[in-house]
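no sequence on this one, just coordinates:
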């Protein structure tokens, strides 16, 4: 399973919405190429919006890092702000500690550098 990391936090709600859309598009592109993918942004933002869950980094990192431990690969979607993202820094540190494969992909074509699974 791929854990698709992408930046979220930004003072401008338009930027946050664009980041959500791009994360969802990347997740779909990866899934269409046979990958099982988890996008914490796509998952968490909708839960916050419709379920009233807290919108705090610490809360979601606890949730997301538990899922990261079940993944084989961390894929970082290189949207503007990814290098500064506290969440991505923590996810990357955890992934390295777990010896997960780490890939970096452009939002234009997130499947470009990912090979198709052998059993797909």
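Noted; the coordinates are in hand. Since this is a predicted model, take the numbers as computed values, not measurements.

Tell me which stretches of the chain form helices.
13-32, 40-51, 57-68, 86-97 (DSSP state H).

between the second one and helix 13-32, how big is the angle?
By that I understand helix 40-51. Orientation check (axes from the mean of the first three to the mean of the last three C-alpha atoms, to 10 degrees): helix 40-51 against helix 13-32 gives 120 degrees.

Could you do the third one as well?
Counting by the same axes, to 10 degrees, helix 57-68 lies at 0 degrees to helix 13-32.

same question, the last one
Orientation check (the same axes, to 10 degrees): helix 86-97 against helix 13-32 gives 30 degrees.

tell me what helix 86-97 is packed against?
Contacts defined by 3 or more C-beta pairs under 8 Å, 6 or more residues apart in numbering; DSSP states H and E place helix 86-97 against strand 2-5, helix 57-68, strand 73-77, strand 101-105. Every C-beta, even on glycine, is put in place using the N, C-alpha and C of the backbone.

Tell me the neighbouring strands of the shortest one, and mark each as parallel or antiparallel.
Here strand 2-5 is paired, per DSSP bridges, with strand 37-38 (parallel), strand 73-77 (parallel).

now the helix or strand of the chain with the lowest mean pLDDT, how far from the centre of its chain.
For the chain, using mean pLDDT, DSSP states H and E, the weakest element among its helices and strands is helix 40-51, scoring a mean of 84. Counting by C-alpha atoms, centre = their mean, to the nearest Å, helix 40-51 is centred 13 Å from the centre of its parent chain.

Low-confidence ranges, this protein, go.
53, 55, 110-120 (pLDDT under 70).

Quick check: residue 65 touching residue 91?
Yes. Counting by C-beta atoms under 8 Å, residue 65 touches residue 91, with 7.2 Å between them.

Contact partners for residue 57?
9, 86-87 (C-beta atoms under 8 Å, 6 or more residues apart in numbering).

Neighbour count: residue 65 and residue 91, which is higher?
Legend: neighbour count by other C-beta atoms under 10 Å for residue 65 and residue 91, higher for residue 91 (23 against 18).
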